[in-house]
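[1] Fold the following and give me the result.
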Amino acid sequence: MKEYLLGFVNGIVYSQFALGGLLLVAFAESSFFPIPPDTILIPLAFLDPSRALWYGLLTTVASVLGGALGYVIGHKGGRPIVNKFISDEKLYRVKQLYNRYDVWAVGLAAFTPIPYKVFTIAAGLFELDFKRFLIASFLGRGGRFITIGLLIQIFGPAVKPFITQNLELFTIGFAVLLVGGFVFVNFILKKKA
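    Coordinates of the predicted model:
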């Protein structure tokens with residue numbers, strides 16, 4: 001499997017259609033495709049660090065558009081599919097979690113290695129506000145892909161060991177800050193009420 005993934009990534013990165021391949025993978029991964037766009041974004045950005053930030057921004061836009069497709073899939077056709085795999089009771093519990101955490105769940109999934117596509121489809125299924133969904137998606141995906149692009153553009157090849165060794169740690173740290181921010185905002189809102 002690892003050889004297949006490496007061959008797939010290299011086939012895109014070193015082709016004349018590298019940017020198009022990156023955008024297609026970023027779009028598809030947000031609603032149905034299993035390979036994360038980071039696997040193409042990072043090597044492509046290292047090939048041309050002067051364009052790394054641009055690649056990160058384009059990856060963000062393509063990924064959010066793919067997330068919008070996932071939302072539509074969940075909104076228009078998700079219920080019959082989900083009902084085949086999940087009982088009404090479990091589905092109700094998940095809906096309660098979405099009602100409680102709203103787009104924070106989407107933003108967190110958009111930034112972390114948690115499968116974002118699951119959250120895009122569920123957001124449509126549970127009818128989260130679409131504009132807020134897009135904002136959370138852009139902030140989460142942008143926080144992930146634009147940060148990678150920015151680090152590569154600023155530091156060039158010197159940042160490669162940092163990204164490859166600490167990306168997961170950085171992601172967890174950001175997730176902790178995001179959840180902490182959510183708890184803090186909730187605390188302030190409850191105190192005012």
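
[2] and Phe119, what is it in contact with?
    Residues counted as contacts of Phe119 (C-beta atoms under 8 Å, 6 or more residues apart in numbering) are 105-106, 109-110. (Glycine included, C-beta is placed from N, CA and C.)

[3] Check the residues you listed and tell me the two furthest apart.
    Spatial extent of those (C-beta to C-beta) is set by the pair Ala105 and Ala110 at 9.6 Å.

[4] Between those two, which has more neighbouring residues?
    A direct count of neighbours by other C-beta atoms under 10 Å for Ala105 and Ala110 places Ala110 higher, at 28 against 21.

[5] OK, contacts around the more buried one?
    The contact partners of Ala110, by C-beta under 8 Å, 6+ apart, come to 63, 67, 116, 119, 136-137, 139-141, 143-144.

[6] rerun at 6 Å
    Taking C-beta atoms under 6 Å, 6 or more residues apart in numbering, we find Ala110 in contact with 116, 137, 140-141.

[7] same question, Ile148
    By C-beta under 6 Å, 6+ apart, the residues touching Ile148 are Gly56.

[8] What's the separation between it and Ala105?
    Distance, Ile148 to Ala105, by C-beta to C-beta, to the nearest Å: 22 Å.

[9] From the chain's centre, how far out is stretch 36-53? Work that out for me.
    In terms of C-alpha atoms, centre = their mean, to the nearest Å, the centre of stretch 36-53 is set 16 Å apart from its chain centre.

[10] how about that stretch: buried residues?
    Within stretch 36-53, the residues that count as buried by 16 or more other C-beta atoms under 10 Å are 36-46, 49, 51-53.

[11] Quote the end-to-end distance of it.
    End-to-end distance for stretch 36-53: 18 Å, by C-alpha to C-alpha, to the nearest Å.

[12] what mean pLDDT does that stretch have?
    Averaged across stretch 36-53, pLDDT comes to 92.

[13] Other residues contacting it?
    Contacts of stretch 36-53 (C-beta under 6 Å, 6+ apart): 9, 12-13, 18, 22, 25-26, 29, 55, 59, 149-150, 152-153, 156.

[14] farthest-separated two in these?
    Going by C-beta to C-beta, the pair spanning the contacts of stretch 36-53 furthest: Glu29 and Gly156, at 26.2 Å.

[15] coming back round to it: so what sits against both of Ala105 and Ala110?
    Counting by C-beta under 6 Å, 6+ apart, Ala105 and Ala110 have no contacts in common.

[16] out of Glu29 and Gly156, which sits in the more crowded spot?
    Each of Glu29 and Gly156 has its neighbours counted (other C-beta under 10 Å); Glu29 has more, 25 against 14.

[17] per-residue confidence for the more buried one?
    Looking at Glu29, its pLDDT reads 91.

[18] Whatever helix or strand Glu3 lives in: how far from the chain's middle?
    Assessed by DSSP states H and E, Glu3 sits inside helix 2-13. How far helix 2-13 lies from its chain's middle: 21 Å, per C-alpha atoms, centre = their mean.
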